[in-house]
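**Student:** output the structure for:
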Amino acid sequence: MLKEKLSEDLKIAMKEKLDINKETIRLVLSAIQKLEKDTGRELNDEQVLTVLMKEKKSREDALELFRQAERSDKVSETLAELEVLFKYLPKQLTTEELDDAIKTVISNVAEEDRVNFGVLIKTVKEKIGNQADGKAIADSIRRCM
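**Tutor:** Numbering: from 1, shown residues only. Now for the predicted structure:
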């Protein structure tokens, strides 16, 4: 399971004194534990991936703010954290691959559903899973329409 992989990698990061890896994995495991406590059950791999995607998104948002503030120290730290997170996420689709997937979905949905942005996003998410985040999907749908 993905959660066990994170725990094992945390032990390795602690032994090898890889501080960025250690802190990033700890934050992810903490978010997983909080969600498990809130829901009262253990998360499956799909739910752990959702937590990882949220952590990735928060780092990407922070990265943009750090760049605007010209905080190069925080930019490099956040990029390193993102690199750690990408090890556990499925391969992200390229823009071209995402556009192709969306064109396929658009051609297969009913005409009345093509104008409903929410239906399109939901259908695309069902098809590609966690291989792209919501913003990338929305941007791609706008390009393909």
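
**Student:** if you count neighbours, what's buried in the helix or strand residue 126 falls within?
**Tutor:** In the assignment (DSSP states H and E), residue 126 maps to helix 117-128. Neighbour counts over helix 117-128 (16 or more other Cβ atoms under 10 Å) mark 120-121, 123-125, 128 as buried. All C-beta spots, glycine's among them, are computed from the backbone N, C-alpha and C.

**Student:** show me what it is packed against.
**Tutor:** helix 95-108, helix 111-114, helix 134-144 (3 or more Cβ pairs under 8 Å, 6 or more residues apart in numbering; DSSP states H and E).

**Student:** would you mind writing the CA trace of that helix as CSV?
**Tutor:** Output of helix 117-128 as CSV, limited to C-alpha atoms (Å, rounded to 0.1, in the frame of the first residue of the first chain):
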residue,chain,number,x,y,z
PHE,A,117,-18.7,22.2,-17.6
GLY,A,118,-19.2,20.2,-14.3
VAL,A,119,-20.3,17.1,-16.2
LEU,A,120,-17.3,17.3,-18.5
ILE,A,121,-14.8,17.6,-15.6
LYS,A,122,-16.4,14.7,-13.8
THR,A,123,-16.3,12.5,-16.8
VAL,A,124,-12.7,13.4,-17.6
LYS,A,125,-11.7,12.7,-13.9
GLU,A,126,-13.4,9.3,-14.1
LYS,A,127,-11.4,8.5,-17.2
ILE,A,128,-7.9,9.7,-16.3
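
**Student:** run through the residues that contact residue 63.
**Tutor:** 75, 78-79, 82 (Cβ atoms under 8 Å, 6 or more residues apart in numbering).

**Student:** please indicate which of these are buried?
**Tutor:** Buried members of the contacts of residue 63, counted by 16+ other Cβ under 10 Å: 75, 78, 82.

**Student:** name the single longest helix found in this protein.
**Tutor:** helix 45-68 (DSSP state H).

**Student:** looking at that one now, give me its mean pLDDT.
**Tutor:** Average pLDDT, helix 45-68: 93.

**Student:** starting at the chain centroid, how far to it?
**Tutor:** Computed by Cα atoms, centre = their mean, to the nearest Å, the separation of helix 45-68 from the middle of its chain amounts to 6 Å.

**Student:** next, the buried residues of that helix.
**Tutor:** 47-49, 51-53, 55-56, 59, 62-63, 66.
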